[in-house]
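Student: Build me a model:
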Amino acid sequence: MTLRETALREDGAKRPVAGELVKVLVHRRDDRGMTVEPYASRCVRAGELHELVTTDVADGTPGTRVDRVGFLGFTEISRAGVIDRGDTVWIGGRPVGTVLGFDACHFPNHYNILISTGEPVTGEELGLAPEAEVRFTQG
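Tutor: Residues are numbered from 1 along each chain as shown. You can find the predicted model right below:
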């Protein structure tokens, strides 16, 4: 069973989580050492800031090490809700990738929301700008 099929069997429908990009990031790392948290979902509140991080890692198993990353930026949550593994991440109306999981190395300041994209990309490479709409929709 795929991650998406599992999520749909365990969870009911939900509304999208929305936010706006507040800072664009332009760097990447091959040795970041993030770790996928054991949580399949995180509740986010309006006003919170979270970092959006892309990766070529496709294995969302808790404890998986994530080294190759590209940093998209920070989003401010404007519409609270639940972000789940497998959700689609949209920025500026276009799909960017799928939520792989969460890294909590900076928590409680913010979560790193890990986004599987096939290849790590940065906010600059995607041409992102502050105030771009960010949405997390059910996968």
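Student: thought residue 89 was touching residue 100?
Tutor: No - Residue 89 lies out of contact with residue 100 (Cβ atoms under 8 Å); the separation is 10.1 Å. The C-beta positions use only the backbone N, C-alpha and C, and glycine is treated the same way.
Student: Give the residues shared as contacts by those two.
Tutor: residue 115 (Cβ atoms under 8 Å, 6 or more residues apart in numbering).
Student: Give me the most central residue, this structure.
Tutor: The centre of the chain sits closest to residue 113, judged by Cα atoms, centre = their mean, with a distance of 3.3 Å.
Student: contacting residues around that residue?
Tutor: Residue 113 touches 50, 51, 52, 53, 83, 89, 99, 102, counting by Cβ under 8 Å, 6+ apart.
Student: 7 Å - rerun?
Tutor: 50, 51, 52, 53, 83, 99, 102 (Cβ atoms under 7 Å, 6 or more residues apart in numbering).
Student: How about residues contacting the helix or strand containing the fourth one?
Tutor: Put plainly, it is residue 53. Element membership for residue 53 (DSSP states H and E) is strand 49-55. Applying Cβ under 7 Å, 6+ apart, the contact partners of strand 49-55 are 22, 44, 66, 68-77, 97, 100, 110-117, 120-121.
Student: re the thing from before, which of the contacts of residue 113 lies closest to residue 129?
Tutor: residue 52 (13.9 Å; Cβ to Cβ).
Student: so what's the closest one bridging to?
Tutor: Note on residue 52: beta-bridge partners residue 73, residue 113, judged by DSSP bridges.
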